[in-house]
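K.L.:
got a structure for you, letters missing:
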């Protein structure tokens, strides 16, 4: 490998383990000290190391954080959207992982380990490393690793030996892949296969990636099946109705509709109950429970904004942005995709509004990319309804808009490369 080359994982795996580990340690030590390394780290690793240096993670010492209590673990497990695919993950990973002296780990979207199975001896080694159920393995807590780094990058990552930022993890190889909600792309957690560094194999990345994709496919099948069941219940009711009506599942995904176009998704109030309710994209609705969802009967008048509306854009959690709307008649919370969080933040910075060209310039540094902006703003308006005006795009004038920012400006939408967001993250001192 030449000095101007980048580490190749396949070639690295063919090397003697001790030699490969020594090479990576030299790359890490040179990079962290500001010197030119013998070869460059892989881009995904180098970018992670830069984040760790920015966040002040100690490369020489593993700063352990407290484990979740048994009750907290059980609460998170029961609430996890990954529960339905646990059998798929276990069947596809555990037996092979155990035979290969690995363990399988499943985390939630916060990087908390909720399930762990595999080779008994490796499980004991994991205990000594703090790789336990209830432990926090987010990247900003324990550095570059196979759980936290895929959460940040939103793609599969393999981390070998000294590619781990914290030195005490160098005896391990970790391969993790995020599992995303097939409906909206939200990261639900990470599945990771880890073991002693001598068990490292580049094919592990493809294997774990394929299993994560299989889990996503099963989640998609489960979602479609649920909508089909709801549709079979709602269709006879909708057939007898003359006005607008639609049936949605508990999360607002539509199963059947009459008298109106099929919406992509309906943002439901935080606590929906039978009776009259105001929904931003539909206006005042009569709500009736159905098996597996709700029947919504919008009033025939056009949707009107909620009086006394307060809109809270919560960006305080780096990877879990949300929008809360509170008014006299309803309150609801909607988790935002990274792109929608960017756009709504940019609008919050510009109370007087922003044109599509202006948003394109803020988002991409290219005012000509208006088609992408208009498509995304159309999707946002489907759940914000009258709370979001256009020509120019802006929040409703009567709404009180609050933006909750993270304590450290560098944690503001950390995935975003939008020029306007980058400027906000790094204000001139």
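P.N.:
Everything's here; your move. This is a predicted model, so every value here is computed, not measured.

K.L.:
how close does residue 18 sit to residue 120?
P.N.:
Using C-beta to C-beta, to the nearest Å, we find residue 18 at a distance of 26 Å from residue 120. For glycine as for every other residue, the C-beta is placed from the backbone atoms N, C-alpha and C.

K.L.:
before we move on, what about residue 143?
P.N.:
Counting by C-beta to C-beta - residue 143 and residue 120 are separated by 27 Å.

K.L.:
more neighbours, those two?
P.N.:
Between residue 143 and residue 120, counted using other C-beta atoms under 10 Å, residue 143 has the larger neighbour count: 27 against 9.

K.L.:
For the more buried one, list the residues it contacts.
P.N.:
For residue 143, the contact set (C-beta atoms under 8 Å, 6 or more residues apart in numbering) comprises 48, 52, 57, 59, 164-166, 169.

K.L.:
Which residue is the nearest non-sequential neighbour of it?
P.N.:
Of all residues not flanking residue 143 in the chain, residue 165 sits nearest, at 3.2 Å (C-beta to C-beta, 6 or more residues apart in numbering).

K.L.:
for the one you found, helix, strand, or coil?
P.N.:
What DSSP: H, G, I helix; E, B strand; the rest coil gives for residue 165 is coil.

K.L.:
Isn't it up against residue 46?
P.N.:
No: assessed by C-beta atoms under 8 Å, residue 165 is found out of contact with residue 46, at 10.9 Å.

K.L.:
Tell me which of these two has more neighbours.
P.N.:
residue 165 (26 against 18).

K.L.:
Quick check: that one vs residue 57, distance?
P.N.:
Plainly put, residue 165 is 6 Å away from residue 57 if you go by C-beta to C-beta.

K.L.:
pLDDT weak spots in the stretch 151-300 of the chain?
P.N.:
Along the stretch 151-300 of the chain, segments meeting pLDDT under 70 are nowhere present.

K.L.:
Which stretches in the stretch 1-150 of the chain count as helices?
P.N.:
Using DSSP state H, counting those that start in this stretch, the helices of the stretch 1-150 of the chain run over residues 9-14, 17-32, 43-55, 70-79, 86-89, 95-99, 120-129, 139-142, 148-153.

K.L.:
Please name the nearest non-neighbouring residue to residue 246.
P.N.:
Counting by C-beta to C-beta, 6+ apart, the residue nearest residue 246 is residue 257, at 4.2 Å.

K.L.:
Make sure residue 233 is indeed in a helix.
P.N.:
Yes: using three-state DSSP, the assignment for residue 233 is a helix.

K.L.:
Helix, strand or coil: sort out residue 357 for me.
P.N.:
helix.

K.L.:
excluding its backbone neighbours, what's nearest it?
P.N.:
Using C-beta to C-beta, 6+ apart and skipping the chain neighbours, the partner closest in space to residue 357 is residue 367 (4.2 Å).

K.L.:
What residues does that neighbour make contact with?
P.N.:
Taking C-beta under 8 Å, 6+ apart, one finds 357-358, 360-361 in contact with residue 367.

K.L.:
swap the cut-off to 6 Å and go again
P.N.:
Residue 367 sits next to 357, 360-361 when contact means C-beta atoms under 6 Å, 6 or more residues apart in numbering.

K.L.:
what's the closest of the residues you listed to residue 297?
P.N.:
residue 360 (38.4 Å; C-beta to C-beta).

K.L.:
wait, isn't the closest one in contact with residue 374?
P.N.:
No: using C-beta atoms under 6 Å, residue 360 is not in contact with residue 374, being 9.2 Å away.

K.L.:
more neighbours, those two?
P.N.:
Remark: of residue 360 and residue 374, residue 360 carries more neighbours, 20 against 15, as counted by other C-beta under 10 Å.

K.L.:
circling back to that earlier point, now render the contacts of residue 367 as CSV, adding pLDDT.
P.N.:
Below are the contacts of residue 367 laid out as CSV (pLDDT from 0 to 100):
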residue, pLDDT
357, 93
360, 93
361, 93
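
K.L.:
In space, what's closest to the residue nearest the centre of the chain - neighbours in sequence excluded?
P.N.:
In the chain, the C-alpha nearest the mean C-alpha coordinate belongs to residue 187, at 3.1 Å (C-alpha atoms, centre = their mean). Nearest residue to residue 187 in three dimensions, chain neighbours excluded: residue 178, at 4.8 Å (C-beta to C-beta, 6+ apart).

K.L.:
Could you tell me how far the one you found is located from residue 89?
P.N.:
Going from residue 178 to residue 89 by C-beta to C-beta gives 13 Å.

K.L.:
same deal with residue 360?
P.N.:
For residue 360 relative to residue 89 (C-beta to C-beta), the value is 40 Å.

K.L.:
My read is that residue 355 contacts residue 393, right?
P.N.:
No: under the criterion of C-beta under 6 Å, residue 355 is not in contact with residue 393, lying 7.4 Å apart.

K.L.:
Looking at these two, which is more packed in?
P.N.:
Using other C-beta under 10 Å, the more surrounded residue of residue 355 and residue 393 is residue 393, with 23 against 16.

K.L.:
So what's the residue count around residue 407?
P.N.:
7.

K.L.:
pretty sure it is in a strand, no?
P.N.:
No: per three-state DSSP, residue 407 lies outside any strand segment and is coil.

K.L.:
The closest residue to it other than its chain neighbours: how many residues sit nearby?
P.N.:
Counting by C-beta to C-beta, 6+ apart, residue 407 lies nearest to residue 316, which is 7.7 Å off, once chain neighbours are set aside. A total of 15 residues lie near residue 316 under the criterion other C-beta under 10 Å.

K.L.:
I'd guessed residue 316 sits against residue 402; true?
P.N.:
No: here residue 316 does not reach residue 402: they are 11.5 Å apart, not a contact under C-beta under 6 Å.
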